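J.: Based on what follows, work out the 3D shape:
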Amino acid sequence: MDYGKLKKSLKHLELQLQNHLSAKGRAELSSIDREAIAESVVQRFETCYDMVWKDVKQHLLSELGLPDVPNSPKPIFKLAAQNKLLPSATERWLEYADLRVSTAHDYSGEKAAAVVGAAERFVGDAIRLYEKLSGKGWE
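T.: Sure thing, here's the model as predicted:
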């Protein structure tokens, strides 16, 4: 299986998260600039999260040969945990699912802040999952 798109998506999220973290100390940025950077982190999280669960689904089907794989994130992550694919607790992946759903149509400050706050953990978890699925190290 090719995990190149997942890796690219994760790298973009990782870079934008670093940009967001460094934006706090950059006096030249206006509040609207900082807000736009935070919104970009949310959008990249959404894209990356969607790629993660779909790649996990495909891995369960094609690499593990499981016959009945659900078509929604939470059951897929539970099945992935049963097959010892997740690098962290299942509850964290279910939390990421809830965060993804919460931002679907609403980028309000509170919801965006929750995603941005969890993005750092998500990046680390997703990188370890990428490594496990792909069998490749992170560069």
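
J.: C-alpha from now on. contacts and neighbour counts both.
T.: Noted.

J.: Counting neighbours, what do you get for Ser72?
T.: Per other C-alpha atoms under 10 Å, the neighbour tally for Ser72 reads 12.

J.: tell me the pLDDT at it?
T.: pLDDT for Ser72: 95.

J.: where's Arg92 relative to Lys7, distance?
T.: 20 Å (C-alpha to C-alpha, to the nearest Å).

J.: more crowded one of the two?
T.: Set Arg92 next to Lys7 and count neighbours by other C-alpha under 10 Å: Lys7 wins out with 21 against 16.

J.: which element is the more buried one on?
T.: helix 4-23 (DSSP states H and E).

J.: so how far is the next helix or strand after that helix off the chain centroid?
T.: As assigned by DSSP H and E, the chain's next helix or strand after helix 4-23 is helix 31-58. Mean-position distance between helix 31-58 and its chain equals 7 Å (C-alpha atoms, centre = their mean, to the nearest Å).

J.: The chain should start at 12 in everything you say after this.
T.: All right, first residue 12 from here; so that's helix 42-69.

J.: got a list of contacts for the next helix or strand after helix 42-69?
T.: Next helix or strand after helix 42-69 toward the C-terminus (DSSP H and E): helix 84-93. Here helix 84-93 makes contact (C-alpha atoms under 8 Å, 6 or more residues apart in numbering) with 64-65, 67-68, 71, 80-81, 97, 101, 104-105, 108.

J.: which stretches of the protein aren't confidently modelled?
T.: For the chain, the stretches flagged by pLDDT under 70 are 115-119.

J.: secondary structure class for Lys147?
T.: Assigned state for Lys147: coil (three-state reduction, DSSP: H, G, I helix; E, B strand; the rest coil).

J.: which residues does it contact?
T.: Tyr141.

J.: And for Leu144?
T.: Counted by C-alpha under 8 Å, 6+ apart, Leu144 has contacts 67, 70, 96.

J.: quick revisit: would you mind pulling up the elements that the helix holding Lys18 packs against?
T.: Helices and strands touching helix 15-34, by 3 or more C-alpha pairs under 8 Å, 6 or more residues apart in numbering; DSSP states H and E, are helix 42-69, helix 120-145.

J.: who's in contact with that helix?
T.: 40, 45, 48-49, 51-52, 55-56, 58-59, 62-63, 66, 127, 130-131, 134, 137-138, 141.
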